[in-house]
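Enquirer: Sharing a sequence plus its predicted fold:
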Amino acid sequence: MTPFGERIRKLRAERQVTLQDMAEAIGVSPAYLSALEHGKRGRPGWHLIQRIISYFNIIWDEAEDVVRLARISHPRIAIDTAGLSPAATELANRLADEVARLDPQTLAEMLALLDAKKKKAK
């Protein structure tokens, strides 16, 4: 499941909306919506994201967060390290090899490190 899929599923559960009802309302098939929630489809396009935001009637910060989650939820990401350092290429390749075996605590620590670096850079 992707971060975006997890959020959509949570929103549906909070509002007691079925997959079928939501899919019909936003103009996609239930199978597609299920695949999107489970990370078996690529990240949604801008127009679909907007239909989802409108469907749940969410605004401001929460809507921005949904857009952000969609942006970071591509389940089959490719990392182009051409022109970067050998260490960057090694990191990308090792992460690709190991990510499926990382435990939740390690993943959380790695994400926290990236978040801290991003905040420090601002």
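Expert: Okay, I see it. Residues are numbered from 1 along each chain as shown.
Enquirer: What residues of the helix or strand containing residue 21 count as buried?
Expert: Element membership of residue 21 [criterion: DSSP states H and E] is helix 19-26. For helix 19-26, burial by neighbour count (16 or more other Cβ atoms under 10 Å) applies to 19, 22-23, 26. No exception for glycine: its C-beta is placed from N, CA and C like everyone else's.
Enquirer: cool, stretch 33-40 as well?
Expert: Those would be 33-37, 39, for stretch 33-40 by 16+ other Cβ under 10 Å.
Enquirer: what's it in contact with?
Expert: Outside stretch 33-40, the residues that touch it by Cβ atoms under 8 Å, 6 or more residues apart in numbering are 1-2, 4-6, 8-9, 19, 22-23, 26, 28, 41, 44, 73, 75.
Enquirer: Show me the helices in the protein, by range?
Expert: For the chain, the helices defined by DSSP state H occupy 3-14, 19-26, 30-37, 46-56, 60-71, 86-98, 104-121.
Enquirer: what inclination does the second one have with respect to helix 30-37?
Expert: Angle, helix 19-26 to helix 30-37, by axes from the mean of the first three to the mean of the last three Cα atoms, to 10 degrees: 100 degrees.
Enquirer: tell me what helix 19-26 is packed against?
Expert: Applying 3 or more Cβ pairs under 8 Å, 6 or more residues apart in numbering; DSSP states H and E, we find helix 19-26 packed against helix 30-37, helix 46-56.
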